[in-house]
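> 3D, please:
(one chain, ligands or ions: 1)
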Amino acid sequence: MPELAYVNGNIMPIQDATIPIEDRGYQFGDAVYEYITSFNKRPFLLDEHLARLKRSMTELSFPLVDMDTIRSAVLEIFDKGGYDNGDVYIQISRGVAPRDHAFPESNEIQFIMTVRETKRYSDEMHANGIKVITVEDQRWGRCDIKTVQLLYNALAKQKALDSGAYDAVFVGPDNVVREGTSSNLFIIVDQTLITHPLTPNILPGITRACLLQICRERSIPFQERFFDTNELYAADEAFLSGTTTEVLPLIEIDGHPIGQGGIGAISKKLLAALRNKM
Ligand code: PDD
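This next block holds a predicted model:
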């Protein structure tokens, strides 16, 4: 199967795709993105991802973009890729212009995508869980916008790997636990799911919303509220959620064991329910 790229309307093998060096995404991180997965050739929660993409562009005062064009292009690259289970990465930058902090006068965004076979976490990782560390959240104050400014996320992920853990979880002032480097975070205490409320400090995850919807449908109690590291360490279960992560159990946080080791009963139920929706 070909790994393909889309650059402003043209589809080609990934290795043949190029973008101008004065793309503002490249020079200023002035770009937004989405990551969408498909199951049995059906993109999962496509409309939700496109709505978030539109919101990201609106929040950053990007030129107006026709979302129907974007939608058709996403479907086209999924189709041309031909994968049963494929992942599409979308990136839209404010455009190409001589380097200047001020927005360019031209209204031409740059729209690129790639499609590849889905890389899922192994069944073993879903069953056995992962270890994470917490790190101070030093990202900017608008983490609700899905921008490509992911340097601090990358540093935190690498710090986790270097310390023998698999990922990192961002912690804000007063030890408030926010989210993972590329995922949202849930804990379960006394059968109740708890996750950080939607504020500018976390990404409004599509998987997060889908899991809360599952809770409503199945009358699983949940709370969107702040919680600190003490509550995190003492949780009965904890997991990361995301498009690629699905429901990934945490078995150790900063050296504190969580649950009985391995996926907990409620996390397991939620993973199955999520996959059932795909
Ligand atoms: N990341 N929080 C952050 C910081 C993220 O980067 C992501 C997703 C999520 C989960 O969002 P969703 O459920 O919509 O995938 C939460 C993508 C997958 C990435 O950067 O590759």
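> Check what contacts stretch 233-241 and list those residues.
129-130, 132, 167, 180, 183-191, 205, 207-208, 211, 232, 247-250, 253-254, 256, 258-259, 263-267, 270 (C-beta atoms under 8 Å, 6 or more residues apart in numbering). C-betas here are computed from N, CA, C, even on glycine.
> So which of those would count as near the ligand as well?
Ser183, Asn184, Gly205, Thr207, Arg208 (C-beta under 6 Å from any ligand atom).
> In strands only, show me those residues.
Asn184 (DSSP state E).
> now the ones next to the ligand among the contacts of stretch 233-241 as TSV including neighbour count?
Below are these laid out as TSV (neighbours: other C-beta atoms under 10 Å):
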residue	neighbour count
Ser183	24
Asn184	23
Gly205	26
Thr207	22
Arg208	22
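> Pull up the gap between the nearest residue to Tyr121 once chain neighbours are set aside and Ile36, please.
Distances taken as C-beta to C-beta, 6 or more residues apart in numbering put Leu248 closest to Tyr121, at 6.1 Å, once the chain neighbours are dropped. Plainly put, Leu248 is 18 Å away from Ile36 if you go by C-beta to C-beta, to the nearest Å.
> And for Ser56?
14 Å.
> Tell me the helices and strands packed up against the helix or strand hosting Ile251.
In the assignment (DSSP states H and E), Ile251 maps to strand 246-253. Other elements packing on strand 246-253 under the criterion 3 or more C-beta pairs under 8 Å, 6 or more residues apart in numbering; DSSP states H and E are helix 123-128, strand 130-136, strand 237-242, helix 265-277.
> Rebuild these as a markdown table, extending it with mean neighbour count and mean pLDDT.
Formatted as a markdown table, these follow (neighbours: other C-beta atoms under 10 Å; pLDDT from 0 to 100):
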| stretch | mean neighbour count | mean pLDDT |
| --- | --- | --- |
| helix 123-128 | 13 | 96 |
| strand 130-136 | 19 | 98 |
| strand 237-242 | 26 | 98 |
| helix 265-277 | 17 | 97 |
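> of all those, which lies closest to Gly95?
Gly95 lies closest, by C-beta to C-beta, to one member of the helices and strands packed on strand 246-253: strand 237-242, at 28.8 Å.
> As CSV, could you dump the C-alpha coordinates of the closest one?
The C-alpha coordinates for strand 237-242 follow below in CSV (Å, rounded to 0.1, in the frame of the first residue of the first chain):
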residue,chain,number,x,y,z
GLU,A,237,-7.9,2.9,37.9
ALA,A,238,-6.4,5.5,35.6
PHE,A,239,-6.0,5.6,31.8
LEU,A,240,-5.0,7.9,28.9
SER,A,241,-7.5,8.4,26.0
GLY,A,242,-6.9,9.5,22.4
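> which neighbours does that strand have in its sheet, and in what orientation?
strand 184-189 (antiparallel), strand 246-253 (antiparallel) (DSSP bridges).
> what would the ones you listed look like in TSV with distance to Asp68?
Output for those, formatted as TSV (distance: least, C-beta to C-beta, whole Å):
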stretch	distance to Asp68
strand 184-189	29
strand 246-253	29
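> related to what we said a few turns ago, thought the residue nearest to Tyr121 was touching Val132?
No. With contacts counted by C-beta atoms under 8 Å, Leu248 stays clear of Val132, the gap being 9.7 Å.
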